[in-house]
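*Asks:* Whatever this is, show me its structure:
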Amino acid sequence: MRELSVYYCPVCGHYAYFQLPKNAFCHKCQINMNLLGMRYQDFMDLDHEARDRLITRKIIENAPTMVNRICAPDKVYNQRELIGRLTAECSRLEKENQELNQTVEWMHKTIWDQLARIRELEKELETQKNS
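*Replies:* Next comes the predicted model:
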């Protein structure tokens with residue numbers, strides 16, 4: 001016999017226990033429920049408040065738009081993090097720009113070397129025709 005698994009609805013937070021994933025359906029929201037990823041017995045050992053906190057955290061983790069809305073005021077005033085990210089991005093872009101400039105210089109040199117070689121071969125060919 002299969003062990004029960006704990007499932008929760010990512011919209012309303014309703015949780016239930018099922019043996020088969022195909023049965024994990026929230027009839028209130030009309031969507032499939034998510035596996036909690038915790039053994040049934042471990043979940044049963046939690047009190048109701050701990051269960052609610054766990055499921056609330058899972059809903060927030062899986063709803064990034066909600067997390068962004070909740071954290072937005074904090075991000076507005078967190079200038080140090082913004083400056084750190086922008087500084088790191090500037091460093092990355094400067095390094096990328098340097099690598100691209102080196103590539104362009106190499107290509108430019110290669111093209112001119114090839115053109116010089118072609119001209120030498122053309123002169124050599126011309127001298128052989130005249131001989």
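*Asks:* only C-alpha atoms for contact and neighbour calcs from this point on.
*Replies:* Noted.
*Asks:* Now Leu35, what are its backbone angles?
*Replies:* Torsion angles at Leu35 (phi, psi; degrees, to the nearest 10) stand at phi -70, psi 130.
*Asks:* Please tell me how far it sits from Gln41.
*Replies:* With distances taken as CA to CA, to the nearest Å, Leu35 is found 14 Å from Gln41.
*Asks:* Low-confidence ranges, the protein, go.
*Replies:* 1, 64-79 (pLDDT under 70).
*Asks:* which helix of it spans the most residues?
*Replies:* helix 79-130 (DSSP state H).
*Asks:* And that helix, what does it pack against?
*Replies:* Counting contacts by 3 or more CA pairs under 8 Å, 6 or more residues apart in numbering; DSSP states H and E, helix 79-130 packs against no other helix or strand.
*Asks:* what secondary structure does Met38 sit in?
*Replies:* strand (DSSP: H, G, I helix; E, B strand; the rest coil).
*Asks:* so which strand or helix has the closest residue to it other than its chain neighbours?
*Replies:* Leaving aside its chain neighbours, Met38 sits nearest to Val6 (6.9 Å; criterion: CA to CA, 6 or more residues apart in numbering). Applying DSSP states H and E as the criterion places Val6 in strand 5-8.
*Asks:* Give me the sheet partners of that strand and which way each runs.
*Replies:* The pairing partners recorded for strand 5-8 under DSSP bridges are strand 15-18 (antiparallel), strand 34-39 (antiparallel).
*Asks:* Buried residues, whichever helix or strand comes after the last one. List them.
*Replies:* For strand 34-39, the succeeding helix or strand toward the C-terminus, using DSSP H and E, is helix 40-44. With burial defined by 16 or more other CA atoms under 10 Å, the residues of helix 40-44 counted as buried are 40, 43.
*Asks:* how many neighbours does Ile60 have?
*Replies:* Number of residues near Ile60 (other CA atoms under 10 Å) recorded here: 15.
*Asks:* and the gap between it and Leu36?
*Replies:* Counting by CA to CA, the gap from Ile60 to Leu36 is 13 Å.
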